[in-house]
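Trainee: got a sequence here, can you model it:
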Amino acid sequence: MPASMPAPSRRVPIEPLTQAAFEPFGTVIENPARLGAKRPDLDTVKANQGTALKYLDVTHMTNFYHMSPSRKPGAAVMNMFVCSPRKLRTASSSNSSGQQRLFDTTILERHPYTSQTFIPLGLSPESAGAGSAPSQTYYLVIVAPTLPQSRGSKSKRPPPFPLPPPRRRRSIRDIFSRARPSPFTNEAAPPPPSATKGRQEGRPQPRPKGPGLPDLSQLRAFIARGDQAVTYGAGTWHAPMAVVGEEDVDFVVVQFANGVGIEDCQEVELQAEGDGGVAVVIDEGQPGTEGIGIKAKL
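Mentor: Next comes the predicted model:
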């Protein structure tokens, strides 16, 4: 049984999916040249006999399974999800005389020890949610930050996330043993594993998010274009992929996994209080009105 949590009713605006807005949650993968944008953090080289421009390290693939309770190694896996359009419901608009089309969200999930990249196949670059015709197909990205772990929790569930080991005071011997050469041996002391693990070419990898539940007060929703892929950082709370429109969307999904269920994926159900639940407002049901936000009734 997944964990569950209530939340107060609130409304959150829908945003375009951009790297700047999505930065706290992961990476947006797209061609910067098509947007006329520059990504100074991305290095480029010529490839394929000069016929291609290669962007290096466009997303951060992270594997933290060495920090899991089981210590079972994670292996890279690539799956395909064929996602059908979600059912929408219609409700009266709170700020107009029209009707809203709503997408109800009842669950959030996270992958504590791995990043997870969703790459859509076959969607037009012009496919986007806000203001689009009902016949268009697009997908939503719904994410939430992580709350600090509550102190004094008496939960008997297994530790869901890598907690930092308790710090201890270092002795004089510990301090001097890190010197080069070591004063206690004839060999140079190697750097500790933590100094090199989790780094790529001197660039630190994004760290896991922490052991807490999702912070629904900071819930955010994005509408993705068809030419955008998305990487959720390790431990990022997110809704399962949500397709809106009339067509199925195929996603190639790249992540690490070790086959231990609670370490590969954790879920939390959103308990509805009264009628409805977390609902993405797709549109106001009136000509020319764009999708404007999330309505959370919990």
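Trainee: can you list the buried residues in stretch 53-68?
Mentor: Using 16 or more other CB atoms under 10 Å as the burial criterion, the residues of stretch 53-68 that qualify are Val58, Thr59, His60, Met61, Thr62, Asn63, Phe64, Tyr65, Met67, Ser68. The C-beta positions use only the backbone N, C-alpha and C, and glycine is treated the same way.
Trainee: shaky segments in the stretch 151-298 of the chain?
Mentor: Counting by pLDDT under 70, the stretch 151-298 of the chain contains low-confidence residues at 151-170, 173-205, 273-277, 284-298.
Trainee: helices of that one, residue ranges please.
Mentor: For the stretch 151-298 of the chain, helices defined by DSSP state H, counting those that start in this stretch occupy the ranges 172-177, 261-264.
Trainee: mind picking the lowest-pLDDT entry from the buried residues of stretch 53-68?
Mentor: Looking at pLDDT alone, those dip lowest at His60, where the score is 87.
Trainee: surely that one and Glu23 touch.
Mentor: No: no contact is recorded between His60 and Glu23 when judged using CB atoms under 8 Å, the distance being 11.8 Å.
Trainee: quick one on the thing from earlier: mind putting the buried residues of stretch 53-68 in CSV, distance to Gly245 and secondary structure included?
Mentor: Formatted as CSV, the entries for the buried residues of stretch 53-68 read as follows, by distance: CB to CB, whole Å; DSSP: H, G, I helix; E, B strand; the rest coil:
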residue, distance to Gly245, secondary structure
Val58, 26, coil
Thr59, 25, coil
His60, 30, coil
Met61, 29, coil
Thr62, 31, coil
Asn63, 34, strand
Phe64, 35, coil
Tyr65, 36, helix
Met67, 39, helix
Ser68, 37, coil
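Trainee: of all those residues, which comes closest to Leu88?
Mentor: Here the nearest of those to Leu88, counting by CB to CB, is Thr59; it sits at 30.5 Å.
Trainee: can you pull the contacts of the closest one?
Mentor: Taking CB atoms under 8 Å, 6 or more residues apart in numbering, we find Thr59 in contact with Gly26, Thr27, Ile29, Ser115, Thr117, Ala229, Thr231.
Trainee: identify the farthest-apart pair in the buried residues of stretch 53-68.
Mentor: When those are compared pair by pair using CB to CB, the farthest-apart members prove to be Val58 and Ser68, with a separation of 26.6 Å.
Trainee: hang on, the earlier thing: so which of the buried residues of stretch 53-68 comes closest to Asp104?
Mentor: Of all these, Asp104 sits closest to Thr59, with 29.7 Å by CB to CB.
Trainee: which residues sit against stretch 64-82?
Mentor: The set of residues that contact stretch 64-82 without belonging to it, under CB under 8 Å, 6+ apart, is 61, 63, 112-114, 118, 158-159, 162, 197-198, 208, 234, 241, 248-260, 263.
Trainee: returning to that earlier point: dump the contacts of Thr59 into TSV; add distance to Pro148 and secondary structure as well.
Mentor: Output for these, formatted as TSV (distance: CB to CB, whole Å; three-state DSSP):
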residue	distance to Pro148	secondary structure
Gly26	20	strand
Thr27	24	strand
Ile29	30	strand
Ser115	22	coil
Thr117	27	strand
Ala229	30	strand
Thr231	24	strand
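Trainee: what's the closest of those residues to Thr106?
Mentor: Each of the contacts of Thr59 was checked against Thr106 using CB to CB; the closest is Gly26, at 22.3 Å.
Trainee: what's the neighbour count on that closest one?
Mentor: By the measure other CB atoms under 10 Å, the count of residues near Gly26 is 23.
Trainee: now do Asp250
Mentor: Neighbours of Asp250 (other CB under 10 Å): 14.
Trainee: quick one, what contacts it?
Mentor: Contact analysis of Asp250 by CB under 8 Å, 6+ apart lists Met80, Phe81, Val82, Cys83, Pro120, Leu121, Gly122.
Trainee: the same query, at a cut-off of 7 Å, please.
Mentor: The contact partners of Asp250, by CB atoms under 7 Å, 6 or more residues apart in numbering, come to Met80, Val82, Leu121, Gly122.
Trainee: return the subset of those residues lying in strands.
Mentor: If you go by DSSP state E, the contacts of Asp250 have Met80, Val82, Leu121 in strands.
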